[in-house]
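> Okay, structure incoming, though there's no sequence with it:
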Ligand SMILES: Nc1ncnc2c1ncn2[C@@H]1O[C@H](COP(=O)(O)OP(=O)(O)OP(=O)(O)O)[C@@H](O)[C@H]1O
C-alpha cells in the first residue's frame, strides 16, 4: 500500500524534551486525518515534519512517493524540498494573511514563483476565490473581513499551487461555532470535490467528528490510539480517548451535578457506546427482562459521526457479581461497547 503521507517511527527532541516520540502515522489519499490532543501534546511539531519545516531526530518521512527524510538526514536538496512543499498547503489558527495586501494579492502571493503570467495568475486567483465563496471580496483588505472569511482567503492561498495535501493546524480554533462549521463544511467539500487529502490538527473533537475519517490521539508526544474514526469512537481504549470521545467529559460534569454520592456495594457504573444504526433494541429493557437487574440511565447522548449516529449512555446497574457479569456479556452480544467506570466520577 502506498500512502500519500507515511510517517514511520518519527521522533523529535528539543534538548531533553521529547516533543514527538516514535510516532507512526499512515495517511491514504483522500483521507481527512484528524490529529487530536491537548495543548503541548506534540501535534504541531509532528505535523511540521511532513514538509520538513521541523526536521525529525529519527524516523522516516515519505510524502507522495518521495522519501524526504531518512537515516537522520533530509533525502532531498533544498530546491527539491521547495518544490515538494508546493504540494502541501497549510492553514493556521491566526490565518497569517498580509494585512496591507488585498484579498486577491494575498492569494497571488502564493503564485509569485509559478510559471504563470500576470493574467493567468489573476484568473487563477479568481477561480480560487470563487471556490471558497469570496470572489466578490477580492479587492477588500483582510481587516474588512470576518475571521471565517479570512480563513477562506488563507484556504484559497493554500490551494494556489494545486496541492494534493492540506495541513490544517487549529484552523478553526479562533472562530465562533458558526464560522467553524462553515470552514469545516468547506474543507469537507474540497476533500470530496478535489480529492484533497487533509491532515486536521485540533484540540476540538467536534471538528474531527464532523469531517475526519481517521484519527490519531496524541499525548506527551506519543500516539496513544489511532484508526478509523468510527472504530476509535465506538471502542475507545486509552483513557484520554475516552475523555475526547464517548461524551466522558460531558457525562462526568452532568453526573457530578446530580450529586449522586458514592456507589453502593451492588452497584456498578458502565459507559456504553453503540452505533445507533445497528443497535435498535432498548438495551436497558433487555437487561431488566433477561438478567433481572435494575438499570438507571444517568446520562444519554446521540451524536453524528460523519453521517452515522453514535450513542453514549452511562448506566447504573444494581445486581450481584454474577448478574453484573451477565450484564456485560449481554451488552457485548448486542455489539455495544461496554466499559466499567470508576464510581469516583460521581463524587
Ligand atoms: N522549537 C521548539 N523548541 C523547543 N521546544 C519546542 C519547540 N517547538 C515545540 N516545543 C515543545 O514541544 C512540545 C510540543 O509542542 P507542540 O506545539 O507540538 O504541541 P501541540 O500539541 O501542537 O500543542 P499546541 O496546540 O499548544 O501548539 C511542547 O512542550 C512545546 O513547548
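Ah, there it is. None of the values given here were measured: they were computed from a predicted structure. Numbers count the residues shown, from 1 in each chain.

> How confident was the prediction at residue 286?
On pLDDT, residue 286 comes in at 89.

> same question but for residue 44, I mixed them up
Looking at residue 44, the pLDDT reads 94.

> Ramachandran coordinates for it?
Here is the backbone geometry of residue 44 (degrees, to the nearest 10): phi -60, psi -40.

> quick one: it from the ligand, how far?
3 Å (C-beta to the nearest ligand atom, to the nearest Å). C-beta: built from backbone N, CA, C; applies to glycine.

> and the closest residue in space to that residue that isn't next to it in sequence, how far is that from residue 189?
Once flanking residues are discounted, residue 44 sits nearest to residue 169: 5.7 Å by C-beta to C-beta, 6 or more residues apart in numbering. Distance of residue 169 to residue 189, given as C-beta to C-beta, to the nearest Å: 20 Å.

> Over to residue 290?
Residue 290 is 46 Å from residue 189, by C-beta to C-beta.

> ditto for residue 62
28 Å.

> still on that earlier bit, residue contacts, the residue nearest to residue 44?
43, 44, 47, 90, 91, 92, 93, 201 (C-beta atoms under 8 Å, 6 or more residues apart in numbering).

> Of residue 62 and residue 189, which one has the most company?
residue 62 (20 against 14; other C-beta atoms under 10 Å).

> check which helix or strand covers that one.
For residue 62, the element it lies in under DSSP states H and E is strand 58-63.

> Could you give the separation of that strand from the chain centroid?
Remark: strand 58-63 is offset 21 Å from the chain centroid, using C-alpha atoms, centre = their mean, to the nearest Å.

> Equivalent analysis for stretch 277-285, please.
28 Å.

> now do stretch 10-22
With C-alpha atoms, centre = their mean, you get 22 Å for stretch 10-22.

> Can you name the residues in contact with that stretch?
By C-beta under 8 Å, 6+ apart, stretch 10-22 touches 9, 23-24, 42, 45-46, 49, 54-61, 220-222.

> Among the residues you listed, name the ones in strands.
Among the contacts of stretch 10-22, the members found in strands (DSSP state E) are 9, 23, 24, 58, 59, 60, 61, 222.

> Report the contact partners of the first one.
Read that as residue 9. With C-beta under 8 Å, 6+ apart, residue 9 has these contacts: 22, 23, 24, 58, 59, 60.

> Leaving out the residues flanking it, which one is nearest to it?
residue 59 (4.5 Å).

> Distance of that neighbour relative to residue 37?
Per C-beta to C-beta, residue 59 is found 18 Å from residue 37.

> quick one, which of those two is more surrounded?
Neighbours per residue, other C-beta under 10 Å: of residue 59 and residue 37, the larger number sits with residue 37, 23 against 20.

> and the closest residue to the more buried one other than its chain neighbours, what are its bridge partners?
Spatial nearest neighbour of residue 37, excluding adjacent residues (C-beta to C-beta, 6+ apart): residue 218 at 3.6 Å. For residue 218, the beta-bridge partners are residue 223 (DSSP bridges).

> How many residues are close by residue 218?
26.

> That one contacts residue 40, doesn't it?
No: using C-beta atoms under 8 Å, residue 218 is not in contact with residue 40; the gap is 9.8 Å.

> Between those two, which contacts overlap?
Contacts common to residue 218 and residue 40, judged by C-beta under 8 Å, 6+ apart, are absent.

> what's the helix-or-strand element of the chain with minimal mean pLDDT packed up against?
Across the helices and strands of the chain, the lowest-confidence element by mean pLDDT, DSSP states H and E is helix 248-258, at a mean of 73. Applying 3 or more C-beta pairs under 8 Å, 6 or more residues apart in numbering; DSSP states H and E, one finds that helix 248-258 contacts strand 294-305, strand 308-318.

> Please tell me how far that helix is from the chain's geometric centre.
In terms of C-alpha atoms, centre = their mean, the centre of helix 248-258 is set 24 Å apart from its chain centre.

> Show residues contacting whichever strand or helix holds residue 184.
Under the criterion of DSSP H and E, residue 184 resides in helix 177-194. Here helix 177-194 makes contact (C-beta under 8 Å, 6+ apart) with 30, 32, 131-133, 146-148, 151-152, 155, 159, 166, 168, 171-172, 175, 196-198, 200, 204, 207, 210-211.

> out of these, which are buried?
32, 131-132, 147-148, 151-152, 155, 159, 166, 168, 171-172, 175, 196-198, 200, 204, 207, 210-211 (16 or more other C-beta atoms under 10 Å).
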